[in-house]
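A.B. asks: sequence first, predicted model second:
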Amino acid sequence: MDYQSGSQDPTLSLDERLKILYPHVDQEATPLPKCWSTKDKYNYIGLSQNNLRVHYKGHGKGHKDASSVRATHPVPASCGLYYYEIRVVSKGKDGYMGVGLCASDVNMNRLPGWDKHSYGYHGDDGHSFCSSGQGQKYGPTFTTGDVIGCGINLMDGTCFYTKNGHNLGIAFRDLSPNLFPTVGLQTQGEVLDANFGQDPFVFDVEGEIKELQRRTQKQVVKLPWPKKYGDQQTVLQRMVSSYLVHHGYSQTAEVFSTCTGESITEELSSMKNRQHIQRLVLGGRIGEAISTTMQIYPGLLRNNVDLLFRLKVRQFIEMLAGADSLELESKTESTGVIAGGEMEVEARNTDNSNENLSNGNDVKNSNGNCESANDSMELDGDQRMSEPILADSKEEDSSSTSILNNPAKFEALIKFGRGLQELSQQVELDRVTELHEAFSLLAYADPWNSPVAGQLDPARRESVCHSLNSAILESKNLPGRPPLEISVAHSRLLLNLMANKDLGACAFVDRELVH
């Protein structure tokens, strides 16, 4: 094994190593154990070195002097397989040391394994203890200099130990949920150091995790495909095709249709029009997107005031930032296309203030589709398919082109905002809150360095872009959300439910497929 790669890289920090070992753990919701608790311990336990070293400071005369300590957090089920190690700094007088796991209500005046929901492997005799003071033969004894590892398989509820990097086999089965790493000492001079991932482990736990992941995914592949859904390959191809159509990947959809024989559910000209509108929104040119939508899909926004309001709130923000132009003279005429046929319409705005909007120069291509002269209708081949259309990465510095630097245009922006305020009377309360948040940008001389600057982030355009695209599709009696994305969302939800129900198999799903 290459000890300079993966979790064994000695230069990694604790958080970096834990992220490699347990990539599916949400540490905000379920923190990983990183040290011993200063509260969940018996009085004879002393802690030092960032609460990673444990030493015994009691009398050490008998079992009543046994003392244990728990980690700060239980092991999350989403680890799949969790592991920590203990190095014996000193076995002390008799080496009555225990390493293991326990529940939150276990008495800390006992060694691990002696009480219910407590499990331990003891150094003085090598026995394993499972919720009982009566031990069972398990492994070798351990003493000063030895490294003892404890692993818990959260898929099948088993626990195994290692000694100096060698797996000793399964020690316990049918473990209780929500267990904490724990160690216990009983005689004077006993000292242990814990490694929760601060350093590379002696045992190749990453290899163990990968093997468990391989076996789990192999089981998943063997699951039978429900016959009621028809041929598996056909269903998958149909899902991919609908995804390409939904996001307007017209050229890719054509190639995919040719290769698979799967028919395209929307005319290519319509797909390109939607893609053009998405590109306008994601480029911050919301005014042009609204005008173009009104031309190509008459009545869509007029019948969906909530969506129109969201678009105009975003337009207000883009105007302030300088991404969406605001001209003092009315220039609202442009050309659109419906189903391949040409039509010229005047852009009708829902409030008078929008008469000041400049739509830019749209041109008609040889196929009659609404495209900007400098728009590319298909994504570059190396862009990920899960990222529909990205705004230009080299946008001009918005702060230098902000409308706040032009008093006349700023006044026009205020008029636009007043029109928005009137429109807000027709929408739901939460949408009005979005408008008030947008207005809050005007309270700062430098909105880009203010507490509300997040609204200026171009990534905020994506949500309203998806909503507009879905509304257009639904107006054409097509699904507003592609089945592929719905399946991914369902899978993500199921994985979260599995984690909440302590089903460790959720850790071994290929999450790249559901994110």
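C.D. replies: Received, thanks.

A.B. asks: okay, CA-based contacts and neighbour counts for the rest of this
C.D. replies: Noted.

A.B. asks: quick check on Phe172: phi, psi?
C.D. replies: Main-chain torsions, Phe172, degrees, to the nearest 10: phi -140, psi 150.

A.B. asks: partner residues bridging it?
C.D. replies: Judged by DSSP bridges, the bridge partners of Phe172 are Cys159.

A.B. asks: just checking, Thr162 touches Ile148?
C.D. replies: Yes - Thr162 lies in contact with Ile148 (CA atoms under 8 Å); the separation is 5.6 Å.

A.B. asks: show me which of these two is the more surrounded one.
C.D. replies: Ile148 (26 against 21; other CA atoms under 10 Å).

A.B. asks: Tyr161 is in contact with that one, correct?
C.D. replies: Yes - Ile148 is within contact range of Tyr161, at 7.0 Å (criterion: CA under 8 Å).

A.B. asks: would you mind listing the residues in contact with the spatially closest residue to Cys79 that is not a sequence neighbour?
C.D. replies: Leaving aside its sequence neighbours, Cys79 sits nearest to Tyr22 (CA to CA, 6 or more residues apart in numbering; 5.2 Å). If a contact means CA atoms under 8 Å, 6 or more residues apart in numbering, then Tyr22 has Ser78, Cys79, Gly80, Ala507 as its contacts.

A.B. asks: can I assume Phe84 sits in a strand?
C.D. replies: You called it Phe, but residue 84 is Tyr. Yes - per DSSP: H, G, I helix; E, B strand; the rest coil, Tyr84 lies within a strand segment.

A.B. asks: for burial, what's the neighbour tally of it?
C.D. replies: 22.

A.B. asks: what residues are bridge-paired with it?
C.D. replies: Here Tyr84, judged by DSSP bridges, has bridge partners Cys150.

A.B. asks: just checking, it touches Ile152?
C.D. replies: No - between Tyr84 and Ile152 there is no contact under CA under 8 Å: 9.3 Å.

A.B. asks: in which helix or strand does Glu462 reside?
C.D. replies: Under the criterion of DSSP states H and E, Glu462 resides in helix 461-475.

A.B. asks: buried set for that helix?
C.D. replies: Buried positions in helix 461-475, judged by neighbour count with 16 or more other CA atoms under 10 Å: Arg461, Glu462, Val464, Cys465, His466, Leu468, Asn469, Ser470, Ala471, Ile472, Leu473.

A.B. asks: for that helix, name the packing helices and strands.
C.D. replies: helix 268-282, helix 305-321 (3 or more CA pairs under 8 Å, 6 or more residues apart in numbering; DSSP states H and E).

A.B. asks: show me what the very next helix or strand once past the first one is packed against.
C.D. replies: Towards the C-terminus, the helix or strand next in line after helix 268-282, according to DSSP H and E, is helix 286-296. For helix 286-296, the elements it packs on are helix 268-282, helix 305-321, strand 333-338, strand 341-346, judged by 3+ CA pairs under 8 Å, 6+ apart.

A.B. asks: the same query, at a cut-off of 10 Å, please.
C.D. replies: helix 268-282, helix 305-321, strand 333-338, strand 341-346, helix 461-475 (3 or more CA pairs under 10 Å, 6 or more residues apart in numbering; DSSP states H and E).

A.B. asks: export only the CA atoms of it, formatted as PDB.
C.D. replies: Extracted C-alpha coordinates of helix 286-296, given in PDB (Å, rounded to 0.1, in the frame of the first residue of the first chain):
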ATOM      1  CA  ILE A 286     -33.200  39.100 -17.000                       C
ATOM      2  CA  GLY A 287     -35.000  41.800 -18.800                       C
ATOM      3  CA  GLU A 288     -34.200  40.200 -22.200                       C
ATOM      4  CA  ALA A 289     -35.300  36.900 -20.800                       C
ATOM      5  CA  ILE A 290     -38.600  38.300 -19.800                       C
ATOM      6  CA  SER A 291     -39.200  40.000 -23.100                       C
ATOM      7  CA  THR A 292     -38.200  37.000 -25.100                       C
ATOM      8  CA  THR A 293     -40.400  34.700 -23.000                       C
ATOM      9  CA  MET A 294     -43.300  37.000 -23.600                       C
ATOM     10  CA  GLN A 295     -42.700  36.900 -27.300                       C
ATOM     11  CA  ILE A 296     -42.200  33.200 -27.800                       C
END
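
A.B. asks: could we number from 384 for the rest of this?
C.D. replies: Sure, I'll start numbering at 384, so the last one becomes helix 669-679.

A.B. asks: taking helix 688-704 as reference, get the angle to that helix.
C.D. replies: Interaxial angle of helix 669-679 relative to helix 688-704 (axes from the mean of the first three to the mean of the last three CA atoms, to 10 degrees): 140 degrees.

A.B. asks: what angle sits between helix 669-679 and helix 651-665?
C.D. replies: Using the same axes, to 10 degrees: helix 669-679 against helix 651-665 is 160 degrees.
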